[in-house]
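Student: Using only what follows, build the 3D model:
(one chain, ligands or ions: 1)
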Amino acid sequence: MPLLDTLEQGLRELDARGLRRRRRTIDTPCDAHMTVDGRETIGFASNDYLGLAAHPQLVAALAEGAQRYGAGSGGSHLLGGHSRAHAQLEDDLAAFVGGFVDAPRALYFSTGYMANLGVLTALAGRGTTIFSDALNHASLIDGARLSRAEIQIYPHNDTDALGAMLDASDANVKLIVSDTVFSMDGDVAPLARLVELAERHDAWLVVDDAHGFGVLGPQGRGAIAEAALRSPQLVMVGTLGKAAGVSGAFVCAHATVIEWLVQRARPYIFTTASSPSVAHAVSASLRIIGGEEGDARRAHLNHLIGRTRAMLKQTCWLPVDSMTAVQPLVIGANDATLALQAELERDGLWVPAIRPPTVPEGTSRLRISLSAAHSDADLDRLNTALEQASRAALEHHA
Ligand SMILES: Cc1ncc(COP(=O)(O)O)c(C=O)c1O
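Tutor: Residues are numbered from 1 along each chain as shown. Below you'll find the predicted structure:
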């Protein structure tokens with residue numbers, strides 16, 4: 001079959017299974033209230049947990065960075081593109097989150113996807129076994145596959161099963177890999193137990209704190225700081241396009257690990273460094289996250305999380321037990337999830353449907369993503385719409 005026919009057939013199959021994705025176009029900054037596809041909408045779709053993406057100080061820092069360093073970096077980090085803004089940000093990040101290790105150093109990547117690919121391919125290879133949580137993010141899965149290491153998947157958060165796998169392993173190098181906050185469930189990994197297992201089995205522990213950094217822990221230093229963990233075998237990845245409100249990612253670990261990544265992490269080496277202005281804006285974001293305003297935003301977010309948990313329990317669907325800003329409501333079938341998404345959309349609420357392969361078959365869900373930019377009135381709107389939809393669904397089944 002010619003290639004285009006194959007692709008068209010593949011797209012028809014996605015339609016038939018309710019799996020075709022459609023992009024929305026946003027005309028306004030990322031905020032609680034946005035214009036999406038030309039309509040006024042309250043958004044529960046972003047990962048802008050602290051509501052910083054449109055913060056005037058970050059917008060000003062981006063402009064100031066562009067004035068000072070220009071629009072583009074001009075090259076890769078190892079060949080002329082590494083600016084003072086990148087270097088400063090790495091120092092800021094190491095000082096902010098590096099308390100879990102002696103001699104901390106941080107490395108700034110253009111995206112979290114690249115950071116995870118970079119860490120796993122540089123630290124793992126043939127002769128390594130990667131022990132990976134069943135619900136890890138796609139970027140960790142892809143990094144593990146690309147590394148050519150053996151991959152063993154342990155059931156979600158099941159540290160007994162992981163312990164048994166580590167006991168049975170005779171790999172030269174062992175790498176335990178886990179999200180801290182799981183991106184589609186919002187639950188938190190048993191981090192203290194993972195550190196204990198890593199130390200007992202002389203393994204590395206790579207944690208992806210994409211959804212914890214900025215939100216969890218003292219001053220938003222992340223899930224590792226929240227659990228007050230310290231270990232030389234810990235490697236932390238954090239992303240900067242979610243709670244930090246800008247873009248990019250970092251790896252923080254012992255200085256020797258970071259130096260190895262500079263030498264060997266291909267997604268770091270073989271790409272143009274992101275604009276220095278972005279790094280300059282992230283440094284400004286860290287000052288907000290770590291200061292009083294960050295504390296106030298986290299307090300408001302936690303208030304919204306408490307309200308949402310209570311609200312979701314009143315519906316006829318299955319909320320996931322999450323204490324974080326990611327509040328999933330499992331509907332089950334793809335078409336029912338899409339229908340609920342469309343119903344909310346008609347009410348001016350954007351709550352994305354998450355379907356396989358992002359989540360396991362039969363567990364399609366609405367992913368309600370909360371932000372400090374939301375007001376109580378925004379949540380009231382969502383509550384009313386969900387109440388109505390839940391009542392209608394129950395009547396339909398009666
Ligand atoms: C857990 C997790 N890790 C990594 C990433 C990738 O980060 P980025 O969007 O910066 O590429 C994401 C989300 O996109 C994520 O949810």
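
Student: host element of Gly214?
Tutor: Using DSSP states H and E, Gly214 falls within no helix or strand.

Student: What count of nearby residues applies to it?
Tutor: Look at Gly214: counted by other CB atoms under 10 Å, it has 31 neighbours. For glycine as for every other residue, the C-beta is placed from the backbone atoms N, C-alpha and C.

Student: Distance of Leu3 relative to Gln9?
Tutor: Remark: distance between Leu3 and Gln9 (CB to CB, to the nearest Å) = 11 Å.

Student: hmm, I was thinking of Ala149
Tutor: In terms of CB to CB, Ala149 sits 35 Å off from Gln9.

Student: Gly125 now?
Tutor: Distance from Gly125 to Gln9, counting by CB to CB: 38 Å.

Student: More neighbours: those two, which one.
Tutor: Gly125 (14 against 11).

Student: Show the residue spans covered by the helices in the stretch 1-150 of the chain.
Tutor: 3-16, 56-69, 84-97, 112-123, 138-147 (DSSP state H, counting those that start in this stretch).

Student: ok, Ile26 to Gln327 distance?
Tutor: 21 Å.

Student: Look at these two and report which has more neighbours.
Tutor: Neighbour count, other CB under 10 Å: between Ile26 and Gln327, Gln327 has more, with 24 against 17.

Student: you'd agree the more buried one is up against His374?
Tutor: No - at 11.5 Å, Gln327 does not count as touching His374 under the criterion of CB atoms under 8 Å.

Student: hey, where'd the helices end up in the stretch 151-300 of the chain?
Tutor: Going by DSSP H, counting those that start in this stretch, the stretch 151-300 of the chain shows helices at 159-168, 191-200, 223-226, 255-264, 266-269, 276-289, 292-313.

Student: who does the helix or strand following the longest one pair up with?
Tutor: It refers to helix 292-313. Next in sequence after helix 292-313, counting helices and strands by DSSP H and E, comes strand 318-319. Paired neighbours of strand 318-319 in the sheet (DSSP bridges): strand 326-332 (antiparallel).

Student: hmm, the partner strand in reach of the ligand?
Tutor: No - Strand 326-332 does not reach the ligand (CB under 6 Å from any ligand atom); its nearest approach is 9.2 Å.

Student: if we look at that strand, which residues are touching it?
Tutor: 181-186, 211, 305, 308-309, 312, 315, 317-320, 322, 337, 340, 354, 362-370, 386 (CB atoms under 8 Å, 6 or more residues apart in numbering).

Student: Next up, phi/psi of His374, please.
Tutor: phi -70, psi 150 (degrees, to the nearest 10).

Student: got the buried residues for the helix or strand harbouring Ala339?
Tutor: In the assignment (DSSP H and E), Ala339 maps to helix 334-346. Within helix 334-346, the residues that qualify as buried are 334, 337-341, 343-345, counting by 16 or more other CB atoms under 10 Å.
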